[in-house]
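1. With the input below, show me the fold.
(one chain, ligands or ions: 1)
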Amino acid sequence: MRISLIQLDIAFGNPDMNYATVANKIRESADAAPDCIILPELWTTGYDLTRLEEIGDPDGEFTKEFISSLAKQYNINIVAGSVASRNASGVTNRMFVFNRSGELVGEYSKLHLFQLMDEHLYLQPGDAKGLFQLEGILCAGLICYDIRFPEWVRTHTAQGAEILFISAEWPLSRLSHWRALLISRAIENQCYVVACNRAGSDPNNTFAGHSMIIDPWGEILCEASEGEEILTGNTDLHKVREIRAQIPIFADRRPDLYD
Ligand SMILES: O=C(O)CCC(=O)C(=O)O
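-> Below is the predicted model of the structure:
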């Protein structure tokens, strides 16, 4: 699968501007003929948490229609990062995944809320895994802070996920953690890691960029710089199967003793 990661700056609290930017970036990405595109976390609003009740997308409906039509128009699978999706019980940080025909094939709400950035005060946590199929490949969607929870990531790969799609707004001050955690998740799960971060700053943070694709051996195949960039690379699923056969960690696990 050929994948483009759209590492963009996000206009703080300005969904209209962000939808327009994303439409342009998806059009631009289509030139590299990717099979799949991924966007960063909370790309419609950024971390304007105190206004999410006002500017969050009701049930994600506008975002779903918007992304579905772009997926169809360009014939590309889209892992649509995440958006603030609001309903009667609150706001979730929710990822939507569309296939080339514009059908919704996956949804995931961020499970671990990041207290350091006050997420627990404004967001409701998810309660379900982010597994979905794209082009016959079992994939998992995860959001930012989730990568600090290897036990959660493992529940997806133990069920056979071969590509982890991670959307983030990861701050520059912890860039070394971002890189080390992503490489570790790839090695220990023997899978591809496709991690799309945002660029730029908001009133509280400067973000790290450095989106990347990592192979199941833990090698970084491509890595963006700090600024806005569209990064494109290829995954080869044979590699996942070869490494899993060579070092059979899934067969050798002892989950009966892990609790
Ligand atoms: O875990 C971290 O250091 C960053 C997490 C984060 O920024 C987030 O989940 O939004």
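
2. what secondary structure does the residue of the stretch 151-259 of the chain found nearest the ligand sit in?
-> Nearest residue of the stretch 151-259 of the chain to the ligand (CB to the nearest ligand atom) works out as R174 at 4.3 Å. The way it works is simple: take the backbone N, C-alpha and C, and place the C-beta from them, glycine included. Per DSSP: H, G, I helix; E, B strand; the rest coil, the local secondary structure of R174 is helix.

3. number of nearby residues for it?
-> For R174, the count of nearby residues is 13 (other CB atoms under 10 Å).

4. In contact with it: list those residues for me.
-> Neighbour list for R174: A208 [criterion: CB atoms under 8 Å, 6 or more residues apart in numbering].

5. how about 10 Å then?
-> R174 makes contact with L116, A180, L181, A208 under the criterion CB atoms under 10 Å, 6 or more residues apart in numbering.

6. so L164 bridges to which residues?
-> For L164, the beta-bridge partners are A140, V193 (DSSP bridges).

7. on contacts alone, who are the packing partners of whichever helix or strand S68 is part of?
-> Using DSSP states H and E, S68 maps to helix 61-74. For helix 61-74, the packing partners by 3 or more CB pairs under 10 Å, 6 or more residues apart in numbering; DSSP states H and E come out as helix 15-29, strand 36-38, strand 57-58, strand 77-79, strand 83-87, strand 90-98, strand 104-109.

8. Report the buried residues of that helix.
-> Going by neighbour count (16 or more other CB atoms under 10 Å), the buried part of helix 61-74 is T63, K64, F66, I67, S68, L70, A71, K72, Y74.

9. ok, back up a step: show me which of the contacts of R174 are buried.
-> By neighbour count, with 16+ other CB under 10 Å, these hold L181, A208 as buried.

10. Using CSV, write out every CA atom in stretch 151-163.
-> Extracted as CSV, the C-alpha positions of stretch 151-163 are listed here (Å, rounded to 0.1, in the frame of the first residue of the first chain):
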residue,chain,number,x,y,z
GLU,A,151,-0.9,-3.2,26.2
TRP,A,152,-3.6,-1.4,24.3
VAL,A,153,-1.8,-1.4,21.0
ARG,A,154,-1.1,-5.1,21.5
THR,A,155,-4.8,-6.0,21.7
HIS,A,156,-5.0,-4.9,18.1
THR,A,157,-2.0,-6.8,16.7
ALA,A,158,-2.9,-9.9,18.7
GLN,A,159,-6.0,-9.9,16.6
GLY,A,160,-3.9,-9.7,13.5
ALA,A,161,-3.5,-6.0,12.7
GLU,A,162,-0.6,-5.4,10.3
ILE,A,163,-0.6,-1.6,10.0
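
11. tell me the mean pLDDT for it?
-> Regarding stretch 151-163, the rounded mean pLDDT is 98.

12. before we move on, back to that, now the buried residues of helix 61-74 as a markdown table including distance to the ligand and pLDDT?
-> Formatted as a markdown table, these follow (distance: CB to the nearest ligand atom, whole Å; pLDDT from 0 to 100):
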| residue | distance to the ligand | pLDDT |
| --- | --- | --- |
| T63 | 18 | 98 |
| K64 | 22 | 98 |
| F66 | 23 | 98 |
| I67 | 21 | 98 |
| S68 | 26 | 98 |
| L70 | 25 | 98 |
| A71 | 25 | 98 |
| K72 | 30 | 98 |
| Y74 | 28 | 97 |
